[in-house]
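In: Below are the sequence and a predicted model for it; my questions follow.
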Amino acid sequence: MASKNVDVVVVGNVGIDTNVFFQSGEIDFSVEANFTENIDVLGQAGGYASRGYARRGASTAFIGCVGADFSGDYIKKVFTLEGINTDGFFIDPQGTSRSINFMYRSGKRKNFYDGKSHMKLSPPVDVAAKIFAGARLAHFNIPNWARNLLPVARQAGVTIACDIQDVVEFEDPYRTDFVKMADILFFSAANHPDPAPLMHYYLQKNPSLVIISGMGERGCALGTGNRVQYFPPVNIDLPVVDTNGAGDALAVGFLTSHVLEGCSLEESVQRGQISARYKCAQRATSDCMITRDLMDHYQRG
């Protein structure tokens, strides 16, 4: 099937998250039963990013796998209703991926991820090439199969952004392909008190990179050339209730602003932070990613 040209192609995993909210604030391991509120959400990086671009008005396609099951059918139905191109869906024989997120009252989480067979799947390269053709941006997450589509996106001439998520070690062979092929790189500083050393390390590997590191309540960092700039957190008068999807919202806000709308790096960082902060105020949903009108409203202050 020939795909219509789109602004952005999201490459990654999508699935169903079960968010477990503790009524007592913590797990009591001394007893068998804990009382919680358990909410299922269409989520994971591919879900939040795809729906985020669509909410911003960008024409969006998704390449990723789901199972031949109820959850997979539901995800495809939601994407279709929201105008997200689904030509790039392929089947994981082990089923649709799942996450369990233990949610604390601060909005922070502990994630338990079941990516099914993403380590050994092969994506439909010919279909992907048609989807990338004419696109302006490819937003990659890091399921193992996605690395096979990096050269396909490069050949199509799109801007490649890779979100390598919560990096632990500098030398990480799993992430190397994504770092080398990216034009724009995102990572979470959750495991790094100061993201600057990791940014300088990546810039040595790929000097042309633009790097954005989300630092949560500490703000955000931008790395280019030999320079790292720090940005304080944005001030939005909304409670932090759920940090799921915040990193994806940061990336969508930055990339929509910089790549699709031509904003400066600094303004795009600010708009990415607004997008992430707004997502943190939305409890257990990917339905309410920020719109352009809301983005403009919060940027005006």
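Out: Perfect, thanks for sending it.
In: so Val14 makes contact with Ser71?
Out: No - the criterion here is CB atoms under 8 Å, and Val14 misses it with Ser71 at 9.6 Å. For the C-beta atoms, the positions are set from N, CA and C on the backbone; glycine is no exception.
In: between the two, who's got more neighbours?
Out: Using other CB atoms under 10 Å, the more surrounded residue of Val14 and Ser71 is Val14, with 30 against 18.
In: Could you check the helix ranked longest in the chain and say which residues are buried?
Out: When the chain is parsed with DSSP state H, its longest helix is helix 265-280. Under the neighbour-count criterion of 16 or more other CB atoms under 10 Å, helix 265-280 has 265, 268-280 buried.
In: What of stretch 233-245?
Out: For stretch 233-245, a neighbour-count test (16+ other CB under 10 Å) marks Val234, Val240, Asp242, Thr243, Asn244, Gly245 as buried.
In: just stretch 280-297 next, same as before
Out: Buried, per 16+ other CB under 10 Å, within stretch 280-297: Cys280, Ala281, Gln282, Arg283, Ala284, Thr285, Ser286, Met289, Ile290, Leu294, Met295.
In: ranges for the helices of the stretch 51-200 of the chain?
Out: With DSSP state H, counting those that start in this stretch, the ranges of helices along the stretch 51-200 of the chain come out as 70-81, 125-132, 150-156, 173-181, 196-205.
In: Can you say which of these is nearest to Met215?
Out: helix 196-205 (10.9 Å; CB to CB).
In: Alpha carbons of the helix or strand following the closest one, as PDB, please.
Out: Later in the chain than helix 196-205, the nearest helix or strand by DSSP states H and E is strand 210-214. This file holds the C-alpha atoms of strand 210-214, laid out as PDB (Å, rounded to 0.1, in the frame of the first residue of the first chain):
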ATOM      1  CA  VAL A 210      21.900  18.500  19.000                       C
ATOM      2  CA  ILE A 211      21.300  16.800  22.400                       C
ATOM      3  CA  ILE A 212      18.400  17.500  24.800                       C
ATOM      4  CA  SER A 213      18.400  15.900  28.300                       C
ATOM      5  CA  GLY A 214      15.300  16.100  30.500                       C
END
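In: thinking Lys205 is in contact with Phe178, fair?
Out: No - assessed by CB under 8 Å, Lys205 is found out of contact with Phe178, at 11.1 Å.
In: Neighbour count for those two, which is higher?
Out: The neighbour comparison of Lys205 against Phe178 (other CB under 10 Å) goes to Phe178, with 21 against 11.
In: tally of neighbours for the closest residue in space to the more buried one that isn't next to it in sequence?
Out: In space, Phe178 comes closest to Cys162 once its chain neighbours are excluded; the distance is 4.1 Å by CB to CB, 6 or more residues apart in numbering. A count of nearby residues for Cys162, using other CB under 10 Å, gives 29.
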